[in-house]
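Q: build me a model from this:
(2 chains)
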Amino acid sequence: MSGLIKEKENGGFSFENCRRNNYILAKGGFEMPKATKTGTTIAGIIYKDGVILGADTRATDGNIVAEKNCHKIHYIAPNIYCCGAGTAADTEYTTRMIASQLELHRLNSGRQVRVVSANRLLRQYLFRYQGHVSAALVLGGVDINGPYLGSIHPHGSSDRLPYVTMGSGSLAAMAVFEDRYRPDLSEEEAKELVADAIRAGIFNDLGSGSNVDLCVITKDKAEMIRPYHVANEKGVKQGNYLFKRGTTQVSKTLEKKVQYDVMSTSVREIRPSTETMEIA
Amino acid sequence: MNIKDLRENSFGVQDTLNYGILNIKSNLTPAHHLENQEKNFHKLEEKNLLSSLRISQGLYAPLKLQMERKFAQKTNRLPALQSSNLMLSVLKGTDETIEVEDIFNNQREFCENNYDSHATTDLKY
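A: Reported below is the predicted structural model:
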């Protein structure tokens, strides 16, 4: 393995450090670094004209809030959006990769992307990695077959439902949906229902917090409302904690002239840089 | 274990200079249970495709596809210089897709491996 001749490596995930990591963990005294999780509340609902997706905006790193206003509703296609819960990097990269694949597919076929294609690609990708890619997704969109809403679990199973919630705050949000969901809600009612569900997650779950983001997808367009509601405003400091000038007493001042000699002078024209940075 | 996995030199023992210290256990047990799965993923996918083509379209279909792929793999470059495998990727369809291999650990981007041309050519010929 560590000789002059190296085997040709393929792309994708590399497992070369796994043996070393297993040994270190078995020896004890060392903890693996924790990935930033989104510890989320994400929810989606099908209403009269389409789909509404909602998400909170807190990303956690263990017990610390890593990001107060993170972006959990990811773009997949002009008519498809996806909320992601689980490890933040996994959801981000998975959705971006699927979005790229779908764009290539759309250019090849010349048709609007169908949500079932996105669902299948995501499912097959997550199943390939047997749940190690920890991404729990709520996928929603409107295509030629009408509105579509489904959830995809990290191990690769998916469900198609009229209302879904995922993440650590999913139980709180699902409670709101189970109580108040009706088919064929109007847009305003549906937006308020999703916002209430996300707020239930924000206020009752430690892993969710900050604002409510919404995404309204209809047959004609998709609209990101970010934030729909700022549920937690950061408190404003009540006093000025800077010290006034003159707080420290000046006892003595000493001014000294720095001796310097001019060695050389040069005149250079300032020109805007025409070189572009080379991307390796 | 395959006969190819034995990294023997002409004396019949492990070729330490070229391949490192002998460690049979690391070849037999995978470090992560996805490791072997990932190594064989594309091979298995291709096998499944060809076997379903055999069933639906007869022997000719997989035979012709495999023949074309074999031709595409016959790049006559020196062992240390890698081919872009353009024909192979066109045949497989991966020139029009973005896979995991193109994003994570892309060998054509920031590849830090310095293949020793003398040792690899020595080995091949």
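Q: identify the single longest helix in chain B, thanks.
A: helix B:35-57 (DSSP state H).
Q: of all the residues in that helix, which ones are buried?
A: For helix B:35-57, the neighbour count (16 or more other C-beta atoms under 10 Å in any protein chain shown) marks B:E35, B:E38, B:L50, B:L53 as buried. Bear in mind the C-beta positions are built from the backbone N, C-alpha and C, glycine included.
Q: which of the helices or strands spans the closest residue to chain B within the stretch 1-150 of chain A?
A: Of all residues in the stretch 1-150 of chain A, A:G11 sits closest to chain B, at 3.0 Å by C-beta to the nearest C-beta. With secondary structure defined by DSSP states H and E, A:G11 is part of neither a helix nor a strand.
Q: can you get me a residue count around the residue nearest to B:T75 when sequence neighbours are not counted?
A: Nearest residue to B:T75, sequence neighbours excluded (C-beta to C-beta, 6 or more residues apart in numbering or on different chains): B:S83, at 4.0 Å. Residues within reach of B:S83, counting by other C-beta atoms under 10 Å in any protein chain shown, total 13.
Q: and for A:V133?
A: The burial count for A:V133: 22, using other C-beta under 10 Å.
Q: ok, the buried residues of helix B:35-57 vs chain A, which is closest?
A: B:E35 (4.4 Å).
Q: the residue lying closest to the closest one once chain neighbours are set aside: what's it in contact with?
A: If the residues on either side of it in the chain are set aside, B:E35 comes closest to A:F15, at 4.4 Å by C-beta to C-beta, 6+ apart. Listed by C-beta atoms under 8 Å, 6 or more residues apart in numbering or on different chains, the contact set of A:F15 reads B:P30, B:A31, B:H32, B:L34, B:E35, B:E38.
Q: tell me if B:I98 really is in a helix.
A: No. According to DSSP: H, G, I helix; E, B strand; the rest coil, the state of B:I98 is coil, so it is not within a helix.
Q: give me the buried positions along stretch A:211-219.
A: A:N211, A:V212, A:D213, A:L214, A:C215, A:V216, A:I217, A:T218.
Q: determine which two of these are furthest apart.
A: By the measure C-beta to C-beta, A:N211 and A:T218 form the most distant pair in the buried residues of stretch A:211-219, at 22.8 Å.
Q: which pLDDT value belongs to whichever residue of chain B sits closest to chain A?
A: Distances between chain B and chain A by C-beta to the nearest C-beta are smallest at B:E101, namely 3.0 Å. B:E101 carries a pLDDT value of 88.
Q: which residues are in contact with the strand or helix carrying it?
A: Remark: B:E101 resides in helix B:100-103, with elements defined by DSSP H and E. Helix B:100-103 has contacts (C-beta under 8 Å, 6+ apart) with A:N10, A:G11, A:G12, A:F13, A:Y93, A:M97, A:Y125, B:Q107.
Q: for those, which single residue is the most surrounded?
A: Counting neighbours by other C-beta under 10 Å, A:G12 leads these with 21 neighbours.
Q: which residue is the nearest non-sequential neighbour of the residue nearest the centre of chain B?
A: With distances taken as C-alpha atoms, centre = their mean, B:K39 lies nearest the centre of chain B, 8.7 Å away. Closest residue to B:K39 apart from its sequence neighbours, by C-beta to C-beta, 6+ apart: A:N10 at 7.9 Å.
Q: quick check, that neighbour in contact with B:F104.
A: No. Using C-beta atoms under 8 Å, A:N10 is not in contact with B:F104; the gap is 10.6 Å.
Q: list the buried ones in stretch A:66-76?
A: A:C70, A:H71, A:K72, A:I73, A:H74, A:I76.
Q: let me know the pLDDT of the third one.
A: Reading off the confidence values, A:K72 has pLDDT 93.
Q: okay, and the beta partners of the closest residue to it other than its chain neighbours?
A: Spatial nearest neighbour of A:K72, excluding adjacent residues (C-beta to C-beta, 6+ apart): A:A55 at 3.9 Å. Under DSSP bridges, the beta-bridge partners of A:A55 are A:I42, A:D213.
Q: this completes my enquiry, with thanks.
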